[in-house]
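Colleague: 3D model of this:
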Amino acid sequence: MRLKISMLLLSLAVLCAITGCAEVQGKDGKDGTPGQQKLTGEEQPDANALTALAEGYRDLYEQAAEENCLNTIETKEQIIQRLAQSGYAVVDTENRINMENPESPEQFCRAAVSKEKAQTVILSVNGEGGFVCYCLETEEGELHVDRSTVYWEEGEPVVGYEGIFDAESWEYTEKGYLFFEEYHMPGYDGPHGLTGIRILPLDDSLRELNERYVYPAGYDGSALLTENWTETDFGNLDFYDLYDVAYRMKYGVRTPYDTGVISRESWIPAEEFENVVQTYFSAGVSVIRKHTVYSEERGAYRYRPRGMYDSCAAYVPYPEVTAREEMPDGTLKLTVEAVWIIEAKDQAMVSELTVLPLEDGGFRYVSNEVVSGTEKPEWFTPRLADGEWQSVYQNG
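Modeller: You can find the predicted model right below:
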């Protein structure tokens, strides 16, 4: 009962605060007669309406903040579902969850491509419990953006206005992504001006496969998805990168040997290192030692964390699984596409990643084959070779 009353009050507050709305029609259909208006997802909300939207999921925010789980996909899904009751289109900033109420944005994008006049509103939920509100208008092929943010401060929702601008460039892709760019003066060194929002949905089963097998590894800090390799030939894969990825996936945190002291070497006990790698890769001890520096005397693997000279790009793509195929040997072949927001590309690279689900609930990576975008990805930097590392950190 409390939730129903809360949502009723939310709806009334949002309706009262909407600006630029058409006149309300009464039950008899005549203009000006008192009645209830159903939002179409196109009406631009003002600060009061945005605050009311946040208040509508206060209980979800407070519980997640207390449990320190604001930045989980489960919490974002709950907030999205609650916000969607307002009638607005709602998605998450990472595009990991299908948009709710996508009808208005879909119509808007088609109108923009046809150079027709249209408007829409999209709410994008972030990992801090707030959201970004994009009020979009288009006419004659131009895209106008009114962007504001809602965040929580000392337990209360606060509305901040980030800017109003005409997009320097924009594109609505066949895959269903809307990209638009805010112009920045030459020499600007702040956040990039690109925004990418997935309008069209992905099949839920493909999203589940992505969350389980692909997204946790991703493109950050390894060539797992950008090189051709198999279990019998790991090719150019760096086993220290594989260790970093496997440790993060196995334990949910970065390896403790990545201390932040980039000139410091560590020695990881053999059993510990091998156990982490072999959780997700069928690599024997001899193969692991062939691709690493191993000390028989110490019974350990040398480990050097990445530093400023071999760190990867700040903005890397994220993966999407767009197709699956069950193979006769029990493996799954997943078509993985790299979505690179900063370059406005929703297929910066496409590969076929094969995984083997295991009876104990785990899985193993079997192979990867790049099928398009075969040039070396700009976002990835290989680790320093021995000579390079010594030159930088010991002789420099």
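Colleague: can we go C-alpha only for contacts and neighbour counts from here?
Modeller: Will do.
Colleague: can you give me the strands for the stretch 101-250 of the chain?
Modeller: 118-125, 131-139, 142-153, 156-166, 169-172, 177-181, 194-198, 229-230 (DSSP state E, counting those that start in this stretch).
Colleague: which residues touch Cys133?
Modeller: Residues touching Cys133, when contacts are defined by C-alpha atoms under 8 Å, 6 or more residues apart in numbering, comprise 121-124, 147-150.
Colleague: again, only this time at 6 Å
Modeller: The neighbourhood of Cys133, defined by C-alpha atoms under 6 Å, 6 or more residues apart in numbering, consists of 122-123, 147-148.
Colleague: Glu140 too?
Modeller: Contacts here follow C-alpha under 6 Å, 6+ apart; on that basis Glu140 touches 115-116.
Colleague: can you rerun that using 10 Å?
Modeller: Under the criterion of C-alpha atoms under 10 Å, 6 or more residues apart in numbering, the neighbours of Glu140 are 111-118.
Colleague: cool, Val214 as well?
Modeller: Taking C-alpha under 10 Å, 6+ apart as the criterion, Val214 is in contact with 207-208, 224-225, 318-321, 334, 336, 353, 355, 365.
Colleague: do Ala217 as well
Modeller: For Ala217, the contacting residues are 210-211, 223-225, 242, 244-246, 248-249, 318-319, taking C-alpha under 10 Å, 6+ apart as the criterion.
Colleague: For those residues, name the two members farthest from one another.
Modeller: Pairwise distances among those were taken by C-alpha to C-alpha; the largest, 19.3 Å, belongs to Asn210 and Asp244.
Colleague: thinking again about what came up before, filter the contacts of Val214 down to just the ones in helices.
Modeller: Residues from those lying in helices, with DSSP state H as the criterion: 207-208.
Colleague: and of the contacts of Val214, the nearest to Phe131?
Modeller: Using C-alpha to C-alpha, Tyr318 is the member of those that lies nearest Phe131, at 20.2 Å.
Colleague: May I ask which helix or strand of the chain has the lowest mean pLDDT?
Modeller: Across the helices and strands of the chain, the lowest-confidence element by mean pLDDT, DSSP states H and E is strand 18-19, at a mean of 42.
Colleague: moving C-terminal of it, what's the next helix or strand?
Modeller: Scanning forward in sequence from strand 18-19 by DSSP states H and E, the next helix or strand is strand 44-45.
Colleague: after that next one comes which helix or strand?
Modeller: Assigned by DSSP H and E, the successor of strand 44-45 is helix 47-55.
Colleague: chain center to that following helix, what's the gap?
Modeller: For helix 47-55, the distance from its own C-alpha centre to the chain's C-alpha centre is 25 Å (C-alpha atoms, centre = their mean, to the nearest Å).
Colleague: Skip the chain neighbours and tell me the closest residue to the most centrally placed residue in the chain.
Modeller: Centrality entry for the chain: nearest residue to the mean C-alpha point is Glu94, 2.8 Å, by C-alpha atoms, centre = their mean. Leaving out its chain neighbours, the residue that sits closest to Glu94 by C-alpha to C-alpha, 6 or more residues apart in numbering is Asn126, at 7.9 Å.
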